[in-house]
Structure formats: structure tokens, C-alpha cells
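K.L.:
can you look at this prediction? I've put the sequence above it.
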Amino acid sequence: MTPDDEAFDRLLDYVETDLGFATSYYDDSYLDRRVSSRMRRTDAEGYAEYHELLREDEREQEALLDAFSVNVTSFFRNPEVWEEVREVLRTLSAERDRLRLWSAACSDGREPYSLSMLALDDPEVDDASIEITATDIDEEILAAARQGVYENTRTTDIGEQLAPLEEYERYVEREGDQFAVADAVKELVSFERHDLINGDPKSNFDLVVCRNLFIYIDAEHKLPILETVSKSLAEGGYLVIGKTETLPDTLKPAFDPVARRLRIYRKSDSISIQ
């Protein structure tokens, strides 16, 4: 191990032990990218120097923890996935009187608000029967999600993201480049803090959407997180993961593929997850 590697490990140990962020659950290359970004911003010339800065500067501690949070998202990310989710909501709405949906690792709220808009937009879905729980580990990002205000930027066109809806203007209030989610959309969604790594499973959800989280998580911890998510599903409930993610072999027997290419599965009635 090189001195650089040792300094990096000491830095991660400090973050986990003193700052309470479970670095051991995350892929080292992901952590290194986020640390290196903060090092460039603070002009630190190595892991050891940045480590010392971190010990002395509470604002930098907060900045690094924010950088570790996975907050890359958009409305209706991968529209073809959402068209299939629309079909899932139609099926569930026809089968069940009440629908409980969970957006796990919801980031800034665009994913659960997309679910809400989809339910409100589709006449075959009974939006009055739907409750959406949205969770994330980051309290600050949850506070922003509850506000439901987003902006166009040079690289982000909110109107373009909302294109899968028939009349997206019904669901957002626009002022210049700023979009505020309408109250009717917010009313279906409740936000709460939940730690997918260390937290307990939830229960009896008809649909769990947990997309594009596992690409950041260390391989040995993906299975426990997916088990937590899977145990939170009711029998016959649906699971949606990211298009580049896969179910572990030990979980595949518990799920029937609904749209394998889009990573949408239905929990089997006959096999329980231990």
C-alpha cells in the first residue's frame, strides 16, 4: 500500500468514525471522486492535508457529507421506464383499493413527484387511492424536496423532462426559469428520513422504486440493501431498479420479470425472502 493509499484510508476512517458517514458501504472509486472534488475546491494538495482541514473546519465537514450524498436525478428519467411504470400503476389500480408506493433514495423529490404526476395524469389510475412515501438519508435534500421548486439551467430543461405528461402545465407553476410543483402533486407525497443501509425494512408497499443507487454502493452491501427493499414489498408488489443495475442471483427466484430490459419485476407470491 502506498503512502497515498494509507492517507486516503485514514481520511475515510475519520469520516466514518467521527462524522458518522458509512464510507465502508460505498465503492472506493466513487468516494475518491467526491473527496478529490472537495480537495480541488479547497486547494488541498493531498489526502493528509485535506484530512487536517476537515478536522478543523465544520463547514467543510458538511460540504463533504453533502458531496457524498447521491443527488443526481431528473423528472421521468429514462421515459421508456416510466411508460412501463404507468402500466404497472394501471394494473395495481385495477387490482387494489389502496396503493402504497415508495420512492427509496428519492434525492431532491423529482422521482416521487414523477410518480404523483403520473397517477394524476392517467385516467385509468385512481389517484385518490395512492399514498407515496419518499425517503432519503440526507435531511437537507429532503427539506429541498418538500419545497418542490426546480430551475431550468443550461443543461436541465424541466419542461423537456415533463414531456411524458399530456399537459404538464397542470402539475407545475412556472415563473421564468423556475418551476414549483403544484399542491395537488405534493399532497400525494410524504417525505421522511430513512437509511437504506442501516435502517429496517418497511412493509406492504405495492411498488418500490429504487433506481440508480446501487452503482455507487460497494458490491458486498448491495444484497442487504436490496433485501431490505424487497422485504418492504407486499406479495405481488412491483420493484423498479436502475437500467444498469441487476438483481443478485439469490433474489432472482423471488421475482418475476415484468420488463427485464427496463429492470421492472413483480414479487412472486410463492417464495418468501429470508
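P.N.:
Received, thanks.

K.L.:
ranges for the helices of the stretch 51-200 of the chain?
P.N.:
Assigned by DSSP state H, counting those that start in this stretch, the stretch 51-200 of the chain shows helices spanning 58-68, 79-95, 110-121, 139-147, 158-161, 183-186.

K.L.:
and the angle for the longest one with helix 110-121?
P.N.:
For helix 79-95 and helix 110-121, the angle between their directions (axes from the mean of the first three to the mean of the last three CA atoms, to 10 degrees) works out to 50 degrees.

K.L.:
by contact count, what packs against helix 79-95?
P.N.:
In terms of contacts (3 or more CB pairs under 8 Å, 6 or more residues apart in numbering; DSSP states H and E), helix 79-95 is packed against strand 99-103, helix 110-121, strand 205-210, strand 233-241, strand 255-259, strand 264-267. All C-beta atoms are positioned from the backbone trio N, CA, C, and that covers glycine.

K.L.:
now for the last one, which elements pack on it?
P.N.:
Translated: strand 264-267. So strand 264-267, by 3+ CB pairs under 8 Å, 6+ apart, packs with helix 79-95, strand 233-241, strand 255-259.

K.L.:
that strand pairs with which strands?
P.N.:
strand 233-241 (antiparallel), strand 255-259 (antiparallel) (DSSP bridges).

K.L.:
pick the most deeply packed of those.
P.N.:
Most buried of those, by mean neighbour count (mean count of other CB atoms under 10 Å): strand 233-241, with a mean of 21.

K.L.:
closest to residue 14 out of the helices and strands packed on helix 79-95?
P.N.:
strand 205-210 (29.4 Å; CB to CB).

K.L.:
so what touches that closest one?
P.N.:
Identification of contacts with strand 205-210 by CB atoms under 8 Å, 6 or more residues apart in numbering yields 85, 88-89, 92, 96, 99-105, 111, 115, 133, 196, 229, 232-234, 237-241.

K.L.:
for PyMOL, what selects the buried ones among these?
P.N.:
The buried subset of the contacts of strand 205-210, as determined by 16 or more other CB atoms under 10 Å, is captured in PyMOL by this line:
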select buried, resi 85+88+89+92+99+100+101+102+103+104+105+111+115+133+196+229+232+233+237+238+239+240+241
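
K.L.:
check contacts around residue 257.
P.N.:
So residue 257 contacts 264, 265 (CB under 8 Å, 6+ apart).

K.L.:
same question for residue 119.
P.N.:
89, 125, 127, 130, 188.

K.L.:
apart from its neighbours in sequence, what residue is nearest it?
P.N.:
Closest residue to residue 119 apart from its sequence neighbours, by CB to CB, 6 or more residues apart in numbering: residue 127 at 4.3 Å.

K.L.:
just residue 196 next, same as before
P.N.:
Using CB to CB, 6+ apart and skipping residues adjacent in sequence, the residue nearest residue 196 is residue 225, 5.1 Å away.

K.L.:
in the helix or strand encompassing the one you found, what counts as buried?
P.N.:
Secondary structure from DSSP states H and E places residue 225 in helix 219-231. Residues 221, 222, 223, 225, 226, 227, 228, 229, 230, 231 are the ones in helix 219-231 that count as buried (16+ other CB under 10 Å).

K.L.:
possible to save the strands paired with strand 264-267 as TSV with mean pLDDT and distance to residue 43?
P.N.:
Converted to TSV, these look like this (pLDDT from 0 to 100; distance: least, CB to CB, whole Å):
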stretch	mean pLDDT	distance to residue 43
strand 233-241	95	39
strand 255-259	94	48
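
K.L.:
lowest-confidence helix or strand of the chain?
P.N.:
Within the chain, no helix or strand scores below helix 219-231, which has a mean of 83 by mean pLDDT, DSSP states H and E.

K.L.:
give the other helices and strands that that helix contacts.
P.N.:
For helix 219-231, the elements it packs on are strand 233-241, judged by 3+ CB pairs under 8 Å, 6+ apart.

K.L.:
residues in contact with the strand it packs on?
P.N.:
81, 85, 88, 92, 95, 100, 203-211, 214, 226, 229-230, 247, 255, 258, 262-267, 269.

K.L.:
how far off centre is it?
P.N.:
Remark: strand 233-241 is offset 16 Å from the chain centroid, using CA atoms, centre = their mean, to the nearest Å.

K.L.:
the inter-axis angle of it versus helix 219-231?
P.N.:
Counting by the same axes, to 10 degrees, strand 233-241 points 130 degrees away from the direction of helix 219-231.
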